[in-house]
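Asker: Mind looking at a prediction? Sequence and model below.
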Amino acid sequence: MPIRSIPRTGSLAILALTSLAAAAMAATPSSEEILGFESSSSWTSSQGQSELATERTQGQASLSVSRFWYTEVQSQAVTGVGESTDEIGLDLWIPANTTWGTIQLVATAPSANFWEQLLGQANLSASQAGSWNTLRFPVSAAAKAMFAARPSDLRFKLRLSLPWTEVGYRLDNLRFLGQNPTRSRVEIRVPVADDFVYAETNNIRRRIGYWGQSDSFSQWRDVSSWFMGGDNELTIMAANRSGPYDARVEVRVDGGAPIVVDCQTARCLSGIETGVFLRTTIRLAGLNLPAGQNVTFTSADPGKLYLEDQYTGRTTPTTLLLPRGSYRAGVGVSTDVAPYSGRFHEKVVQVGAQTTTIDMETQGAPMPVQHTTRIAVLPIARSIMDDGSPDGLMTTDMVNRFRQQFQNTRNMLFRPLAYGLADLDVTILPMETELPLRVANAASLTDSTWSYMSQAKFQPLFSQYNFVVVVHSNLDANLSVIPTSGGWAGSGGQVIGFPISWSWSRTSAEPSDGLLHEMLHQFEDGSESHHHLTTGIQGLHGAEEHGYAIDQDNDDWNNTQTWLAWYRVFMRGQAGESLELQTLPQITAPLSSAPYHVGTFSSMRHGLRTSAPY
């Protein structure tokens, strides 16, 4: 979307935001996925609302059913339910304040002459509310014979007579009880998280806890799908954003004694302002799970490989050993010297019993824009200094030059460095002539931007746009920089304060890396505050700590470009980091191989203040 100006009309246009996303056809769920309530299409409800929920006892999801007094929830046809025992179990999460209710389990298999047979009924009580419960249903001799015949048209039905709730009853893990376990069950919970906690295993890092997390993170969750048969290593990592920090993670296998990772059982660094303070690896030996499989990822041009939105540190072609399951894989292909370019290809990859090679570019065109950030630019006509310094004056020529530089920044830097997954929709508002920016002295120009924007006149802007760039003048009538004005910019909340001298010192043909910097602070806050992902040691200001030596005396666009090299990896979540960077002397080159990577890839792709889909 181009940058455009709005003439003075007395009102502001509200911009429409259109998001384009690639859709994948869903495969028919397996019997295991149906009985595990992994797909919303696996079960249909006669009444109420049903949807997948992340709180579960196994797999990746449970089914939440709400807004009913009575409903029948029926499965798709299943086969291969396993060897039957005397009982069938169903995990049910019951909302608080539930004091009564019944659930009946029914089975139907027409080919086995088994019609709507009631297997049993469970009666609920108030003591079961607010937690997961395993309900038990007996298996008769006739039902055992039917299961042994392995009919292909077997369907289960749950008859729910329960109190109305908006919260939802959650169903998970319909299975036979009492069998010798055929697979290991690995569970994890995070009772303490301040600020970010992750688990890394088999080439994938997952967010498992964060400051202000919901109660579900402190409950046991089945994460067996993360692992493969044999010995596995699980790395626990915790990072700080600011202030106090702490973490506690518990892991157990097959209900055994938990393995605890916290600052008492593992070394936590002290005095950490930002970045990782804990990283330790535990070994889970001899897991009884399907063997992992090698997956080779290729692309016509070498590209950076992502799994579940996390950069793996690998470049195609590359081979990873992965547990069986479904993964969202992406490859970013780019030209990393000016003029920059970037594109992103993504596929849903099914890892099964055979080794496989995935050509990441066979789907043709790269992914379109996934998120567009709406930005308003507010130029202020006059800045008045009470200390007697000359007034700062904004002219139309200044605004026009800034507008063109913003367009250049979008086209030359932002879009290619974001792999084309993100875009900017920028509106240049009419110059503000009624309310000058009045400050005590020239040095406080940018600092005063936030109080200036708190006035009632400007509040509608914050609901119409993701953030507002307030351009103020620190140039006098002779186009000279006002003494002591500093000329520094700042970003916070939904406001960027930007001095016009940063723009006026460049030509209309150039982009503005300083403007890009302040915008990246917005995405940095989105990654940390809304996606709950660390942006590493010192965040956007951590270039030197990560080995990117910034030469402030040279122009970054025409000369060293060292700032832009840092922005490129930071925007793409490719900034290599390690625990040792917290204690080593400042490094002079980026890590050639890093155990994990940080940056703003998630908020670039999914939006500043929207939840990421994981």
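Answerer: It's in. All values derive from a computational prediction rather than experimental measurement. Numbers count the residues shown, from 1 in each chain.
Asker: how many other residues sit next to residue 233?
Answerer: When counting by other C-beta atoms under 10 Å, one arrives at 12 neighbours for residue 233. Every C-beta, even on glycine, is put in place using the N, C-alpha and C of the backbone.
Asker: With only the CA atoms kept, save the one helix or strand it maps to in PDB.
Answerer: Applying DSSP states H and E as the criterion places residue 233 in strand 230-240. Extracted C-alpha coordinates of strand 230-240, given in PDB (Å, rounded to 0.1, in the frame of the first residue of the first chain):
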ATOM      1  CA  GLY A 230      14.900 -43.700  22.600                       C
ATOM      2  CA  ASP A 231      16.900 -41.000  24.400                       C
ATOM      3  CA  ASN A 232      15.900 -37.400  24.100                       C
ATOM      4  CA  GLU A 233      17.400 -34.200  25.400                       C
ATOM      5  CA  LEU A 234      15.100 -31.400  26.600                       C
ATOM      6  CA  THR A 235      16.600 -27.900  27.200                       C
ATOM      7  CA  ILE A 236      14.800 -25.500  29.500                       C
ATOM      8  CA  MET A 237      15.600 -21.800  29.000                       C
ATOM      9  CA  ALA A 238      14.300 -18.700  30.800                       C
ATOM     10  CA  ALA A 239      14.800 -15.100  29.900                       C
ATOM     11  CA  ASN A 240      14.200 -11.700  31.600                       C
END
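Asker: Run through the neighbouring helices and strands of that strand.
Answerer: Here strand 230-240 touches strand 196-201, strand 246-253, strand 275-287, going by 3 or more C-beta pairs under 8 Å, 6 or more residues apart in numbering; DSSP states H and E.
Asker: right, so of the ones you listed, which gets closest to residue 92?
Answerer: Residue 92 lies closest to strand 246-253 among the helices and strands packed on strand 230-240, at 21.5 Å (C-beta to C-beta).
Asker: quick one: strands adjacent to the closest one?
Answerer: strand 186-194 (antiparallel), strand 259-262 (antiparallel) (DSSP bridges).
Asker: now, of the ones you listed, which is deepest in the fold?
Answerer: Burial of those is given as mean neighbour count (mean count of other C-beta atoms under 10 Å); strand 186-194 ranks first at a mean of 21.
Asker: and the angle for it with strand 196-201?
Answerer: With axes from the mean of the first three to the mean of the last three C-alpha atoms, to 10 degrees applied, the angle from strand 186-194 to strand 196-201 works out at 150 degrees.
Asker: what's the model's confidence in strand 186-194, averaged?
Answerer: Mean per-residue pLDDT for strand 186-194: 95.
Asker: can you list the residues that contact it?
Answerer: 197, 199, 208-211, 213, 217-224, 226-227, 238, 240, 244-253, 255, 262, 284, 287 (C-beta atoms under 8 Å, 6 or more residues apart in numbering).
Asker: The helices and strands packed on strand 230-240: which one's closest to residue 466?
Answerer: Using C-beta to C-beta, the nearest of the helices and strands packed on strand 230-240 to residue 466 is strand 196-201, at 23.0 Å.
Asker: For the closest one, which strands pair with it and how are they oriented?
Answerer: Each strand paired with strand 196-201, and its direction, by DSSP bridges: strand 204-210 (antiparallel), strand 230-240 (antiparallel).
Asker: can you tell me which of the ones you listed the model trusts least?
Answerer: Across the strands paired with strand 196-201, strand 204-210 gives the lowest mean pLDDT, at a mean of 93.
Asker: Any buried residues in that one, and which?
Answerer: Buried residues in strand 204-210, counting neighbours by 16 or more other C-beta atoms under 10 Å, are found at 204, 205, 207, 208, 209, 210.
Asker: Now do the same contact list for the fourth one.
Answerer: The reference is to residue 208. Contacts for residue 208 (C-beta under 8 Å, 6+ apart) come out as 188, 190, 197, 198, 199, 217, 249.
Asker: from those, which is closest to residue 410?
Answerer: Of the contacts of residue 208, the one sitting nearest to residue 410 (C-beta to C-beta) turns out to be residue 198, at 32.3 Å.
Asker: if I read this right, residue 461 contacts residue 376, doesn't it?
Answerer: Yes: counting by C-beta atoms under 8 Å, residue 376 is a contact partner of residue 461 at 5.4 Å.
Asker: So which of the two has more stuff around it?
Answerer: Higher neighbour count among residue 461 and residue 376: residue 376, with 23 against 19, using other C-beta under 10 Å.
Asker: what about the nearest residue to the more buried one once chain neighbours are set aside, neighbour count?
Answerer: Of all residues not flanking residue 376 in the chain, residue 465 sits nearest, at 4.3 Å (C-beta to C-beta, 6 or more residues apart in numbering). Applying other C-beta under 10 Å, we find 23 other residues in the vicinity of residue 465.
Asker: Ramachandran angles for residue 465?
Answerer: The phi/psi pair for residue 465 (degrees, to the nearest 10) reads phi -130, psi 150.
Asker: how near is it to residue 448?
Answerer: According to C-beta to C-beta, to the nearest Å, residue 465 and residue 448 sit 21 Å apart.
Asker: Residue 307 too?
Answerer: Distance of residue 307 to residue 448, computed by C-beta to C-beta: 45 Å.
Asker: When these two are compared, which one has more neighbours?
Answerer: Using other C-beta under 10 Å, the more surrounded residue of residue 307 and residue 448 is residue 307, with 21 against 18.
Asker: before we move on, back to that, could you redo the contacts of residue 208 as JSON lines and give each row distance to residue 473?
Answerer: Conversion of the contacts of residue 208 to JSON lines gives the following (distance: C-beta to C-beta, whole Å):
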{"residue": "188", "distance to residue 473": "55"}
{"residue": "190", "distance to residue 473": "50"}
{"residue": "197", "distance to residue 473": "46"}
{"residue": "198", "distance to residue 473": "45"}
{"residue": "199", "distance to residue 473": "50"}
{"residue": "217", "distance to residue 473": "48"}
{"residue": "249", "distance to residue 473": "52"}
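Asker: Hmm, which of those residues is lowest in pLDDT?
Answerer: Out of the contacts of residue 208, that is residue 217, at 87.
Asker: list the contacts for it?
Answerer: Residues near residue 217 by C-beta under 8 Å, 6+ apart: 189, 190, 193, 208, 209, 210.
Asker: one step back: give me whichever of the helices and strands packed on strand 230-240 is most buried.
Answerer: Ranked by mean neighbour count, the helices and strands packed on strand 230-240 are led by strand 196-201 with a mean of 23 (mean count of other C-beta under 10 Å).
Asker: Nearest residue to residue 355 in space, please, no chain neighbours.
Answerer: residue 294 (4.6 Å).
Asker: and whichever strand or helix holds that neighbour, which residues are buried?
Answerer: Assessed by DSSP H and E, residue 294 sits inside strand 293-298. Across strand 293-298, burial judged by 16+ other C-beta under 10 Å covers 293, 295, 297, 298.
Asker: what's the answer for stretch 473-491, then?
Answerer: Within stretch 473-491, judged by 16+ other C-beta under 10 Å, the buried ones are 473-476, 481-482, 485-491.
Asker: who are the neighbours in contact with residue 590?
Answerer: Residues near residue 590 by C-beta under 8 Å, 6+ apart: 546, 547, 548, 569, 575, 576.
Asker: for the fourth one, helix, strand, or coil?
Answerer: Meaning residue 569. helix (DSSP: H, G, I helix; E, B strand; the rest coil).
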